[in-house]
Every structure is written in structure tokens, then in C-alpha cells.
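Colleague: could you work out the structure for the sequence below:
(4 chains)
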Protein chains: 2
Amino acid sequence: MFESVTIKDIAKALGVSTSTVSRALNGSYEIGTETKKLVLEYAEKINYRPNPIALSLKEQKSHSIGVVVCEVANDYFSQAINGIESIAYNRGYHVIITQTHESFDRESANVKHLLSRHVDGLLVSLSAQTTDTSQYKYLLDKGFPIVFFDRAAPDLNTHKVIANNFQGSFNGTEALINSGFSKIAHLTNSNNLLISHERFEGYNAALDKHGIEFRPEYLKHCNHGGMIHDEVELVLKELLALDDKPEAIFSGSDRLTISSISILKKWGLKVPGDIAIAGFTNSDVVDLFDPPLTVVRQPAFQIGQMATEMLIKTIESKWPVEEFTTEKVETQLIVRSSSVRY
Amino acid sequence: MFESVTIKDIAKALGVSTSTVSRALNGSYEIGTETKKLVLEYAEKINYRPNPIALSLKEQKSHSIGVVVCEVANDYFSQAINGIESIAYNRGYHVIITQTHESFDRESANVKHLLSRHVDGLLVSLSAQTTDTSQYKYLLDKGFPIVFFDRAAPDLNTHKVIANNFQGSFNGTEALINSGFSKIAHLTNSNNLLISHERFEGYNAALDKHGIEFRPEYLKHCNHGGMIHDEVELVLKELLALDDKPEAIFSGSDRLTISSISILKKWGLKVPGDIAIAGFTNSDVVDLFDPPLTVVRQPAFQIGQMATEMLIKTIESKWPVEEFTTEKVETQLIVRSSSVRY
DNA sequence: TTGTACGCGTTATCAA
DNA sequence: TTGATAACGCGTACAA
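Modeller: Presented below is the predicted three-dimensional model:
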């Protein structure tokens, strides 16, 4: 079953040359019909499978794609990887996953490692720390296929697949406003990330639409410098120490949403009640919170699929791609009682 | 950066032969000290990286390991994959992940696919549907390295890494008993899975220790035949229709725990209150349930790491392994107020 | 100490 | 229509 049958074995068994076998297998027409049939039947019989490694060496393609994400054990990314796998599998690619743990150094090391593995292309979601995108620029300039998903580099000219962060954030914030809150803080990821900007804009636009003035002291970033829990704790302390405390928080990330609730509960505050929370998350158990959480969900699986399709298309197109597209995928707002004013 | 530098390039640049370069790079001592130095310095300078594909072809090793799990987007498995990746990465292996979605057919297709990819070994967690393990037996008999983790085949003689399901289940059930429940149902995975047996035994032993009689009608399996949600709904209906309804449920799986709570809440039942729940899960947000859930957590990351280490050790040992080990990893009981009797 | 030649499995090019 | 051969990048047995 796993000991490899090669075209040599077939050639020897059938008394033909390896090139004949190769031609028969690859459907080339410059071959005798009966010879072809013979080879195909025998190949089928002994369950011949071409050796992908030899193919790779020959074609100078690894048929693998590299994935750079911050964390695998994360609802959003595990769902995205699911989507990536599903497409890659069908197209005959395999996927090498690497994690940055939000560190720029690990991110560059991962990219180098993947390159030394001769991956045919890269699927990247930037780390929160990353500001220097020159390595990607370098690769892109040489025509190396890279597709960014979710956390894209704003200045790089390539394919991108991202959620409609503006709209998602707008909707989530508006849900809080609709249930009577006007003092709404915004807790979000590193300012380095484009998604943070987009989500802030959505938040801001929602305030604007409802005639609520934006207060700079209500905007808090977490840069994932150290332990996320400590960072969130600090930021929440600052928010609660304000003269005019926020009544609600709209959170721009899964991890921040969960951390916040956890900390606030630890402090004995009721969520909602003392303070309401809504935010981005892809966890499917937040529905079971009491009360269930109002969330903005990203179509992670679909984003993974789209990015992978784009990447493979880019890899397999012989001509350098001229037109880069940015796909925006709609988010889903799920309003639950957690954003209802008590 | 990504255009490959080969030993040929180095040889040409330095006016030596490729074998000299190869020898210098591989630290062979039958080479002139200054030649060696020269080569190494130049290789470093132009950032030479051996082509892993050529190496694979030469060595008849792919330096990759295949992973078979039911689902990536699952707390337990994404954490396990994290562990797998961390070890594999360090040891120079990469990881090809496939999903069964609990289907036996997909499982065998995945194994075949991984084999045709020439993976050096397999890390397998069986699908809930799988009863026929002959394909693994066949491979193992040929000396192909396979390590099972979590969901192992009882009848196969190979390395296994599993959580101490008995103890975990015992502890979880006892936590419910300690808070005053005696009518405790057990909801668990397919009877095909060894872990289901072990978990049932743990549950049973806890009842036994506390002089509680086991009732067959309190034991319910979910076979993942169709939609898990529907299956759980059916099973819960049966439990609640009993003359002597259970006061608590000890659940033997992440998905079942979450589904149950979701359905019971949908029916307007309070959890706990009307019925208490405790169970296996690796989700880290169940702490935020109100009240927080009593759970048994598996050290998924560690299990992934151990399984990968074992597999790589098996792959790299030239002699067929005689002694197969079964590693038991302790689970962690986290008692929360959800198992307190109201 | 170094260079030449071969093989790993495959496809492509050329010759027969 | 088919076969022999080179090439992909590497390591290594063997020859020098």
C-alpha cells in the first residue's frame, strides 16, 4: 500500500520504456491506443500513484502553500484554516501552517522558513506587531504570489480578502446605541493593523449617525506586547477610572471581548448591568452566555476559501497578475440580549 | 530571496565540484579545512538553503507527517494541532492536516491521500464512525509509523497517547455527586470509540464509590450519524421523558456539552436549576457562563506534542519498534458553580 | 583531499 | 509510435 510503485516498475512489467508509460499516463495522444490501454489498466491494477516529490523537483513547484497566522487555537483562525484546507485539498495543494504568536520576529522567521520549503505561495494574516512589510514587498516585486487575508498590509499591492470590518463595527456599535447606550467605549487591536482602523471608522460612523460625539478617551488599543490579559486589565481600569465612565464597550476582537468579560466579572461587575459588551467574535458558545452576547461574526471559513482560491489562481496563472483585487466579505450581526439596557 | 541557490551555483562560483560543496556543507571531515571554510562562508553569504524537495527525493523521505482528525475548528483539536505543529516545526517536519468530519469513508480517503503524498508517518484520531481499522493494521504490519492520539484503536499494537479518560470522567461525575446529585445521566460519544468506554467506566466507578446504582436508561450515546444537534435533542427528550428524570448530566464530549446546554436553554430550562451539567470540554470561554461550567479539560496541546515526538522518534529509528507504549495524560478538573445543587 | 558519475521518479526533447 | 537520454538538486560510492 505505501511502498511506491514507479513508472519504472510498470515499464519493466510491460516490457516498454518509461517514457511510453509516462506518455500513456499523461494522456498524450502520440501513443498507440492499445499500448495506452495496457499501461492504464496495469497502472490501475497495481494502484500506481505518481510520486509528488519527484514531480515537484521536476516542475520546480512544491504544490504546497504556506500559511502565516498568529494562532491556530483561535476560533477565527481555526475556521479560516478549515476553509483553506478544503480548497487546497481539492486543488492538490497541501498547506503548511505557521504561527507568529503576534511577534514580528517569528513572522519573518516563518516566512523565511516557508520560502526555504519552496512553497508556491503565501497566505498571510499579519501579526499585531508587524509594521515593516518590506519582506512581502520584496517578494511581491519578484512576482511571488501572496494573498493577505483578514489582517492585510495597506501599502502592498496584491490580492486581499477581508471582512467588511467597517460595516461590522458600524452594525455592532449601532446595536448598542439602539438599546439605549450612548457612552460607548471602543476596545480594539493594535493600531498597526488596518482592521483596527476600519473597525474604529465603523464605530465612529455609528456614533456620528446618531449624533454622539466621539471621545478620544473612550478609544483603547491593545498591542499584544505582553500578556493580553494584563493589557486588557490595565485598559479597563483606565476606562472605569474616567469621570464619565462608559456604559458599554464595543470590542474589536475575539480575544479582547472574552478577556474583558472575564476581568469585569472577576471584579464583581455585572455584564451587562454595570457595563454592557458587544464585539467581534467567532466563538459559537457565546450564545450560551447569560445573557447571550451580541456579536459580530466574520465568515472565517469563507474568507479562508476565497483567499486560497485567489492564491492558487495566482500561482497557476503564467502571466504576472496585473489586476489585484480586494474582496470584501460581509460580516454577520447577531443581536442578543447582552446589549439591552437594563 | 526565493530564487533557489543550489550547490551547483556555489561550486561554479568557487571553482570546485558540487561534491566538495556538499561535503563541506555536511561537515564531512574528508575535506581541506580552508576549502571547507571558503564554501561555508560563501554559502552563508548568498544564503544557501538546501532544497528540501531534492533531499526528499534522494532520501525517500518526505519529512512530512499526516494528521487525521475529525475537525480542525474544534477547541480540542485546534489545541492539539498547535502542539503537533510546535514539535514538528522544531524537528524539521511539516504537517499535512486532513479532516474526517466523523465519516469513515473520508477517513480512509484521507489516509490514502496522505500515503500517496508519501508522508513519513501518521498521527490519527479516529472518526466516531470508524469500526474497521484494517487499513491501519495493514500499514502497521508493514512497519509504517502510526501514532494514535485521543481516539485510539483498542486492537492495534502501536504507540498511543490518550488522556486519562477514566479518571477525568470519574472526577467530573464525582464533582456532581459531591454537590448533592445522585440521579446523573451520562451523555457520550459513539460506542465505537474507546474513549467512550473509558469515560463511561469512570462515570460508573464514581457512582459505584458513592453507592449509586447505575441505570442503563441514563446512558446515552451520540453516534454523529447526522446533525449532532438533532441527535442531542432526541436524546435529551428521551432523558426528560423518563419517569425518574435525571437531575444532572455528565457529558463525555465538548460538542455534546455545548449542544445540550443550548437545547435545554432553548426549551426554557435553567442550567443548572432544572438540570445541572458538567462535562469534557476544552473551550476556554465556558468559565464565562453564568454560572460557570464545571468541566474536565484535556491537555490537548501536550497530547499533540507527545504524539508528535513519539511519531518522529519511530520514523527516525531505523530498527522496527518492538515496544509500543500507551501514554496516559492526566486531565484537569475545574469545579465551578454549575455543579452546585440549587 | 577532491572530482566524476550515478540514482532518487518524473517529464521533455530528441532520435529512431 | 516508441525509446534513449537529459534534467530537476542532492548525497555518496568510487575513482583519481
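Colleague: let me see the contact set for the closest residue to residue A:72 other than its chain neighbours.
Modeller: Nearest non-adjacent residue to residue A:72, counting by CB to CB, 6 or more residues apart in numbering or on different chains: residue B:82, 4.9 Å away. All C-beta atoms are positioned from the backbone trio N, CA, C, and that covers glycine. Residues near residue B:82 by CB atoms under 8 Å, 6 or more residues apart in numbering or on different chains: A:71-73, A:99, B:300-301, B:304.
Colleague: residue B:82: which element?
Modeller: Secondary structure assignment for residue B:82, by DSSP states H and E: helix B:75-90.
Colleague: hang on, the earlier thing: in the contacts of residue B:82, find the pair that's most separated.
Modeller: A:99 and B:300 (15.2 Å; CB to CB).
Colleague: how about low-confidence regions in the stretch 201-342 of chain A?
Modeller: Applying pLDDT under 70 to the stretch 201-342 of chain A picks out residues A:318-321, A:337-342.
Colleague: 80 - rerun?
Modeller: A:224-226, A:290-292, A:318-323, A:335-342 (pLDDT under 80).
Colleague: so residue A:51 makes contact with residue A:6?
Modeller: Yes: Residue A:51 is in contact with residue A:6 according to CB atoms under 8 Å; the separation is 6.9 Å.
Colleague: break down the stretch 101-250 of chain A into its helices, ranges please.
Modeller: Using DSSP state H, counting those that start in this stretch, the helices of the stretch 101-250 of chain A run over A:104-116, A:134-141, A:165-178, A:194-209, A:228-240.
Colleague: could you check the angle helix A:104-116 makes with the second one?
Modeller: Using axes from the mean of the first three to the mean of the last three CA atoms, to 10 degrees, the interaxial angle of helix A:134-141 with respect to helix A:104-116 works out to 30 degrees.
Colleague: return the set of buried residues in helix A:134-141.
Modeller: In terms of neighbour count (16 or more other CB atoms under 10 Å in any protein chain shown), helix A:134-141 has its buried residues at A:136-137, A:139-140.
Colleague: which other helices and strands does it contact?
Modeller: helix A:104-116, strand A:146-149 (3 or more CB pairs under 8 Å, 6 or more residues apart in numbering or on different chains; DSSP states H and E).
Colleague: correct me, but residue A:261 touches residue A:278?
Modeller: No: between residue A:261 and residue A:278 there is no contact under CB under 8 Å: 10.8 Å.
Colleague: looking at the two, which is more packed in?
Modeller: Taking other CB atoms under 10 Å in any protein chain shown, residue A:261 and residue A:278 do not tie; residue A:278 has more neighbours (29 against 25).
Colleague: just want the phi and psi numbers for the more buried one.
Modeller: Per-residue torsions, residue A:278: phi -140, psi 160 (degrees, to the nearest 10).
Colleague: neighbour count for residue A:51 and residue A:6, which is higher?
Modeller: Using other CB under 10 Å as the criterion, residue A:51 and residue A:6 rank with residue A:51 on top: 21 against 15.
Colleague: need the nearest residue in space to that one, chain neighbours excluded.
Modeller: Leaving out its chain neighbours, the residue that sits closest to residue A:51 by CB to CB, 6+ apart is residue A:4, at 6.0 Å.
Colleague: residue A:301 too?
Modeller: residue A:83 (4.1 Å).
Colleague: my read: that neighbour touches residue A:309, true?
Modeller: No: the criterion here is CB under 8 Å, and residue A:83 misses it with residue A:309 at 9.7 Å.
Colleague: show me which residues of the stretch 101-250 of chain A are close to chain B?
Modeller: Within the stretch 101-250 of chain A, the positions near chain B by CB under 8 Å from any CB of the partner chain are A:113, A:115-118, A:135, A:138-139, A:142, A:144.
Colleague: change it to 6 Å
Modeller: A:115-117, A:144 (CB under 6 Å from any CB of the partner chain).
Colleague: which of those residues lies closest to DNA strand C?
Modeller: Minimum distance to DNA strand C across these is 18.0 Å, recorded for residue A:117 (CB to the nearest atom of the strand).
Colleague: who touches that closest one in this structure?
Modeller: residue B:52 (CB atoms under 6 Å, 6 or more residues apart in numbering or on different chains).
Colleague: residue A:120 is in contact with residue A:315, isn't it?
Modeller: Yes: with contact defined as CB atoms under 6 Å, residue A:120 counts as touching residue A:315 (4.8 Å).
Colleague: any idea how far DNA strand C is from the residue lying farthest from the centre of chain A?
Modeller: Distance from the centre of chain A peaks at residue A:15, with 51.2 Å (CA atoms, centre = their mean). Applying CB to the nearest atom of the strand, to the nearest Å, the value for residue A:15 to DNA strand C is 16 Å.
Colleague: the closest residue to residue A:114 other than its chain neighbours in helix, strand or coil?
Modeller: Once flanking residues are discounted, residue A:114 sits nearest to residue A:66: 3.4 Å by CB to CB, 6+ apart. Secondary structure, DSSP: H, G, I helix; E, B strand; the rest coil: residue A:66 is strand.
Colleague: burial measure for residue A:323, as a count.
Modeller: Applying other CB under 10 Å, we find 5 residues neighbouring residue A:323.
Colleague: before we move on, back to that, more crowded one of residue A:120 and residue A:315?
Modeller: More crowded of residue A:120 and residue A:315, by other CB under 10 Å: residue A:120, with 21 against 18.
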